[in-house]
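> Generate a structure from the sequence data that follows.
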Amino acid sequence: MLTVPGLCWLCRMPLALSRWGICSVCSRSLVTVNGCPQCGLRATHPDMPCGRCLQKPPPWRALVAVTDYVPPLSGLVHQFKFSRQSTLAVPLARTLLLAVLRARRAGTLPRADRIVSVPLYKHRQWRRGYNQSDLLCRPLARWLACEYQANTVTRLRPTAIQHRLSARLRKKNLKNAFRLELPVNGLHIAIVDDVVTTGSTVAELSRLLLRSGAASVQVWCLCRTL
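A predicted model of the protein is given here:
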């Protein structure tokens, strides 16, 4: 798709800074989510928790998403995740960075002390060649001056692919699938993932982190499936 260096992945126009990968015009056009600041789903008032969160809040405090899982960002995420296009890591991470900074300016997002990537089981990561969440976390941690260690949480066993399961089976699939390897007591944690669908994965990780003493958990993702 990116056949000439220095062109935007989306509009193919020349970039002022080629390493960003996506031009500022396209970056602004990607922001379409206007949802609940806690669960990320559609809401009437995006500056306060929705009725769903008031009745049964998720275990995390806030969720930031760039957009729903729709083109053009969904196409880039799919290439990044399944087509070994690891060069998309920095452009996508920058897009997520802009969404995080917007949420901070709006006052809906506390500052994170540490970023945590969603771990893959070792065999799946070996087949894919990398963990896409890890590649997003590395530049984000540098830009935001947050702690990041790839092994903060590990996946203990292989699990069925989440997008092939129902919401009920997704939750069961992840039961006791993760283990915390590093202390998080008193820290404000941000979990970074590419796509949040039902939220089962980030919910399981959030509960693990909170049980282990984390002060709060927030979720950052490229796409929130609505």
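> could you pull out the helices for this protein?
24-30, 51-55, 73-82, 89-105, 122-128, 132-144, 167-173, 200-211 (DSSP state H).
> Test my guess that residue 94 contacts residue 20.
Yes. If you go by C-beta atoms under 8 Å, residue 94 and residue 20 touch, sitting 5.6 Å apart. All C-beta atoms are positioned from the backbone trio N, CA, C, and that covers glycine.
> For the two, indicate the residue with more neighbours.
Between residue 94 and residue 20, residue 94 has the larger neighbour count (other C-beta atoms under 10 Å), namely 19 against 16.
> Tell me the predicted confidence for the more buried one.
Reading off the confidence values, residue 94 has pLDDT 94.
> contacting residues for it?
20, 21, 22, 27, 139 (C-beta atoms under 8 Å, 6 or more residues apart in numbering).
> Now the terminal residues of stretch 208-221, how far apart.
Terminal residues of stretch 208-221 are spaced 19 Å apart (C-alpha to C-alpha, to the nearest Å).
> Kindly provide the whole-number mean pLDDT of that stretch.
97.
> What residues of it count as buried?
208, 209, 210, 214, 216, 217, 218, 219, 220, 221 (16 or more other C-beta atoms under 10 Å).
> Residue 7: which of the contacts of residue 94 is nearest?
Ranked by distance to residue 7 (C-beta to C-beta), the contacts of residue 94 are led by residue 21 at 9.1 Å.
> I'd like the distance between that closest one and residue 146.
22 Å (C-beta to C-beta, to the nearest Å).
> In the chain, where is pLDDT below threshold?
1-5, 32-33, 160-173 (pLDDT under 70).
> Now the phi/psi pair for the closest residue to residue 58 other than its chain neighbours, please.
Sequence neighbours aside, residue 39 is the residue nearest to residue 58 in space, at 5.5 Å (criterion: C-beta to C-beta, 6 or more residues apart in numbering). Here is the backbone geometry of residue 39 (degrees, to the nearest 10): phi -100, psi -20.
> how deep is residue 39 tucked in, by neighbour count?
22.
> That one and residue 200: what is the separation?
13 Å.
> Kindly report the same for residue 109.
Separation of residue 109 from residue 200 (C-beta to C-beta): 22 Å.
> Tell me how many other residues crowd the residue nearest to residue 156 when sequence neighbours are not counted.
Once flanking residues are discounted, residue 156 sits nearest to residue 179: 5.4 Å by C-beta to C-beta, 6+ apart. Residue 179: 11 surrounding residues under other C-beta under 10 Å.
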